[in-house]
Every structure is written in structure tokens, then in C-alpha cells.
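>>> The sequence isn't on hand, but the structure is:
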Ligand SMILES: Nc1ncnc2c1ncn2[C@@H]1O[C@H](COP(=O)(O)OP(=O)(O)OP(=O)(O)O)[C@@H](O)[C@H]1O
Ligand SMILES: [Mg+2]
């Protein structure tokens with residue numbers, strides 16, 4: 001066993017190298033090495049393996065926090081049997097993240113409550129776990145962000161940042177119509193990301209209605225042309241999961257309208 005001075009130097013070196021996990025376990029690893037008669041290579045493998053594992057875990061945690069997901073949703077938690085309209089093979093293929101490696105987009109279409117956001121977040125979390133960068137934003141929020149950047153003269157920097165993510169989620173396209181400036185900025189974002197990274201869009205509107213959403217048919221077709229060039233569309237047709245949960249809980253849906261202004 002190493003003498004105290006060498007041990008102290010070893011610990012100090014590990015700290016200087018910021019190998020905090022290795023430093024915290026080095027004593028017990030060396031004790032194990034003696035008691036279990038481990039080889040040098042096993043000791044090194046164990047020590048460095050633990051350091052790599054903990055660093056990877058903390059990178060995943062930080063990236064997940066910075067991604068801005070509105071909730072933690074995993075693909076494992078998604079009950080496919082509730083949504084038989086989703087092609088199981090397609091879903092399994094999405095899970096492999098081949099679309100990220102190939103810079104393909106994913107568009108999840110469907111009515112409210114069918115799990116579009118859940119799928120988008122789940123894929124984003126899976127991508128982070130696989131070592132990719134990901135960022136979530138609602139379409140309205142992202143357009144507001146681009147408008148602010150444009151007003152400040154920092155649009156190029158913001159677009160560069162948003163095109164740097166390997167996976168960008170743009171949620172809820174179609175709930176609120178875009179104004180002229182908004183749809184122009186949206187087009188710029190789509191153009192910048194074209195063939196560079198994967199964007200996951202969710203929308204309650206079919207492609208034919210995007211002209212209305214973007215307030216301009218010409219821009220909408222230019223946007224769709226780019227988005228759909230390398231893309232996978234997931235059509236979710238079933239019932240709202242929220243609605244089903246309410247039904248199970250015996251809560252009427254939609255809630256009975258309040259009788260406003262009625263004389264008592
Ligand atoms: N198949 C499913 N399995 C498990 N949970 C589900 C499933 N579908 C939806 N959910 C849950 O139901 C809730 C509503 O789903 P989500 O928010 O993803 O719907 P959405 O399609 O994005 O709706 P909206 O268009 O209103 O935004 C979430 O809490 C989600 O986790
Ligand atoms: Mg949603």
C-alpha cells in the first residue's frame with residue numbers, strides 16, 4: 001500500500017485534474033484492490049470508469065435542466081397501447097435516434113391532449129441521454145425571443161445559438177397565429193437549421209392549414225418544403241389522454257358552463 005505522502009499527492013493530483021469522483025473513492029478502491037488482490041489495470045479501470053460515469057451523469061443532468069422542458073416526460077412512460085394510431089415500428093425507429101444522426105425532422109401532428117408534447121420531450125430527453133444537445137421552446141416563446149433579438153440587433157447571434165442544438169423542439173405550432181414578422185423570423189430559423197440539426201415540431205394543424213397559421217401561403221410552403229425534405233411525420237389520431245383521465249376520475253368533460261349573470 002502506498003505511503004501517506006504518496007496518497008496525499010495522488011489525492012491532490014486528482015483534485016487538480018477535477019476528478020472529484022475518483023478522489024472520493026480512491027481510498028476504498030485501493031483497500032478493495034488489496035483485499036481482493038486486484039490487478040493494476042483493474043484498479044485503474046474501476047477508478048477511471050467511475051469518474052467517466054459520474055461526469056456523464058452530471059452532463060446529462062445539466063443539459064436536461066438547460067433544455068427548458070416544461071415537464072419531465074420519458075418515452076418509456078408513453079403508453080403506446082392508448083394510442084393505436086401511432087405506428088409501433090415508426091415509434092421504435094424514433095427511439096433509436098437515427099433521425100438525429102441523419103439530421104431529420106420529426107413532426108408530431110394531432111388534436112389536443114394526445115401526447116404530442118410528451119413524445120417531443122421524451123425524444124429530447126433520450127437525445128440528451130445519448131450525448132446530444134437539445135432545447136425545448138413553445139413556438140410563441142421562440143418567436144418572441146427572435147423578435148426581441150431582432151429589435152436589439154442580435155438576431156444573428158440568437159439564430160446561430162438556436163441552430164447549434166442537435167435537437168430543437170418547437171412545440172404548439174398552430175394554437176396562436178403568427179404575425180408577419182413572426183412568420184418571417186420562423187422561416188429564418190427553419191432555413192438556418194435546414195440539414196444541420198433535427199427539429200421536432202408539434203402541431204394541432206394539418207400541413208394544409210399551416211398557411212393560415214403562418215398568415216402567408218408562400219412562406220408556409222417555403223417552410224414546409226424545407227422541414228419536410230428530410231422528415232418523419234407522426235400522426236396521432238386517438239382520444240385525448242387528459243379527457244380519458246378525467247373520465248376515469250368521474251369528472252365531466254367539458255366542465256359544465258358556469259351560469260354567468262343569472263338572477264338569483
Ligand atoms: N399515450 C400516453 N401515455 C401516457 N401519458 C400520456 C399519453 N398521452 C398523453 N399523455 C399525458 O397526457 C397529458 C397530455 O399530453 P400532452 O401534453 O403531450 O398532449 P398534447 O398532444 O401536447 O396536447 P396539446 O395539443 O393540448 O398541447 C400529459 O400529461 C402526457 O404526459
Ligand atoms: Mg402540447
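Nice, thanks for sending it over. All of these numbers come straight from a predicted model, not from anything done at the bench. Numbers count the residues shown, from 1 in each chain. Ligands and ions are numbered 1, 2, ... in the order given.

>>> quick one: the helices in this structure?
All helices of the chain, identified by DSSP state H, fall at 4-16, 20-35, 40-66, 88-95, 98-101, 116-129, 139-152, 155-164, 180-193, 210-214, 217-229, 241-248.

>>> what's the closest of these to residue 107?
Nearest of the helices of the chain to residue 107, taken as C-beta to C-beta: helix 217-229 at 6.8 Å. Where you see a C-beta, it was placed from the backbone N, CA and C, and this is true even at glycine.

>>> Run through who's touching stretch 86-101.
Applying C-beta atoms under 8 Å, 6 or more residues apart in numbering, the contact partners of stretch 86-101 are 75, 80, 104-106, 119, 123, 126-127, 130, 132, 166-167, 198, 232, 234-236.

>>> run the last query once more with 6 Å
75, 106, 127, 130, 132, 166, 167, 198, 232, 236 (C-beta atoms under 6 Å, 6 or more residues apart in numbering).

>>> Quick check: the first one touching residue 122?
Just to be clear, that refers to residue 75. Yes: using C-beta atoms under 6 Å, residue 75 is in contact with residue 122, at 3.8 Å.

>>> who has more neighbours, those two?
Using other C-beta atoms under 10 Å as the criterion, residue 75 and residue 122 rank with residue 122 on top: 21 against 17.

>>> what residues does this structure put near ligand 1?
Residues of the chain lying close to ligand 1 by C-beta under 6 Å from any ligand atom are 73, 77-79, 82-83, 110, 112-118, 172, 204, 241-242.

>>> Sitting in strands, which of those do you find?
residue 172 (DSSP state E).

>>> Only the buried residues of stretch 66-74, if you could.
67, 69, 73 (16 or more other C-beta atoms under 10 Å).

>>> no, scratch that, I was asking about stretch 163-179
Quick answer for stretch 163-179 (16+ other C-beta under 10 Å): 163, 165, 166, 167, 168, 169, 170, 171, 172, 173, 174, 178.

>>> For the fifth one, give me its contacts.
For residue 168, the set of contacting residues under the criterion of C-beta under 6 Å, 6+ apart consists of 135, 199.

>>> ok, now with 8 Å
So residue 168 contacts 134, 135, 137, 162, 193, 197, 198, 199, 200 (C-beta under 8 Å, 6+ apart).

>>> cool, and the second one?
Applying C-beta under 8 Å, 6+ apart, we find residue 165 in contact with 133, 134, 135, 197.

>>> now the third one
Residues in contact with residue 166, defined by C-beta under 8 Å, 6+ apart, are 100, 127, 132, 133, 134, 197, 198.

>>> okay, those in CSV with neighbour count next?
Formatted as CSV, the contacts of residue 166 follow (neighbours: other C-beta atoms under 10 Å):
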residue, neighbour count
100, 22
127, 23
132, 18
133, 16
134, 29
197, 22
198, 27
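
>>> List just the nearest of these to residue 17.
For the contacts of residue 166, the nearest to residue 17 is residue 133 (25.0 Å; C-beta to C-beta).

>>> mind checking how far that closest one is from residue 32?
37 Å (C-beta to C-beta, to the nearest Å).

>>> Likewise for residue 44?
Residue 44 is 13 Å from residue 32, by C-beta to C-beta.

>>> of those two, who's got more company?
Legend: neighbour count by other C-beta under 10 Å for residue 44 and residue 32, higher for residue 32 (15 against 12).

>>> Am I right that the more buried one is in contact with residue 50?
No: look at residue 32 against residue 50 with C-beta atoms under 8 Å: they stay out of range, at 11.9 Å.

>>> tally of neighbours for the residue in the stretch 1-150 of the chain positioned nearest to ligand 1?
Ligand 1 sits closest to residue 115 of the stretch 1-150 of the chain, with a gap of 2.9 Å, by C-beta to the nearest ligand atom. Residues lying near residue 115 (other C-beta under 10 Å) number 25.

>>> what are the phi and psi values for it?
Dihedral pair for residue 115: phi 100, psi 20, per degrees, to the nearest 10.

>>> how about the nearest residue to it, chain neighbours excluded?
Sequence neighbours aside, residue 241 is the residue nearest to residue 115 in space, at 5.8 Å (criterion: C-beta to C-beta, 6 or more residues apart in numbering).
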